[in-house]
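Trainee: Structure, please.
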Amino acid sequence: MKRRKLLEAGTAVVGGTWLLNNFTAELLSKQVDSKLVETMATSNEQFTVNKTEEQWREQLTPEQFRVLRKHGTERAGSSPLDKVYEPGVFKCSACGTPLFTSDTKFNSGTGWPSFYKPIEGAIATTTDRSFFMTRVEVHCATCGGHLGHVFPDGPEPTGQRYCMNGVSLEFVPEEA
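Mentor: Take a look at the predicted model:
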């Protein structure tokens, strides 16, 4: 009898997780600007910059490779870019594509660099269902590098919070 109860409980947990992920994805896609959520294939063929895994390993630091190419996350509060607010542009540290301008950066209090709006055409998004959650993952539209996630709790005018891994970004100050 105990075995049956255990199986029933396990089935309920798995079913509940599946339902939560699927309904959360639908809700999240309605909250985050629906024009941003696009399905992205994992193939490199769709990106302008294409490299083999070995080429990326040679170019990037181990931490950059883990985050940009393996969808990792840096430790909160570890990036010096979280506190950079001077005029300039934040570029993809893998391919150099301009992604965000400093005038769209804000202090979200999360420990990661946050922006309310990307440069038009600079990013692509996919639905991320890892770790029993559903989030909108942000990628560089040029090389496909993982940048972070976007959430519907940012400031106006967009209401979006692009929570980026600092190791995925390179800051280029505005010339005086």
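Trainee: and the residue nearest to Asp128 when sequence neighbours are not counted, what does it touch?
Mentor: Nearest residue to Asp128 in three dimensions, chain neighbours excluded: Glu137, at 3.9 Å (CB to CB, 6 or more residues apart in numbering). For the C-beta atoms, the positions are set from N, CA and C on the backbone; glycine is no exception. By CB atoms under 8 Å, 6 or more residues apart in numbering, Glu137 lies in contact with His71, Thr125, Thr126, Thr127, Asp128, His146, Gly148, His149.
Trainee: Tell me the pLDDT of the first one.
Mentor: By that I understand His71. pLDDT recorded at His71 is 90.
Trainee: I figured it hits Leu147, correct?
Mentor: No - the criterion here is CB atoms under 8 Å, and His71 misses it with Leu147 at 10.1 Å.
Trainee: quick one: which of these two has more around it?
Mentor: Between His71 and Leu147, Leu147 has the larger neighbour count (other CB atoms under 10 Å), namely 30 against 14.
Trainee: Would you mind measuring from that one to Asp128?
Mentor: The gap separating Leu147 from Asp128 is 12 Å, by CB to CB, to the nearest Å.
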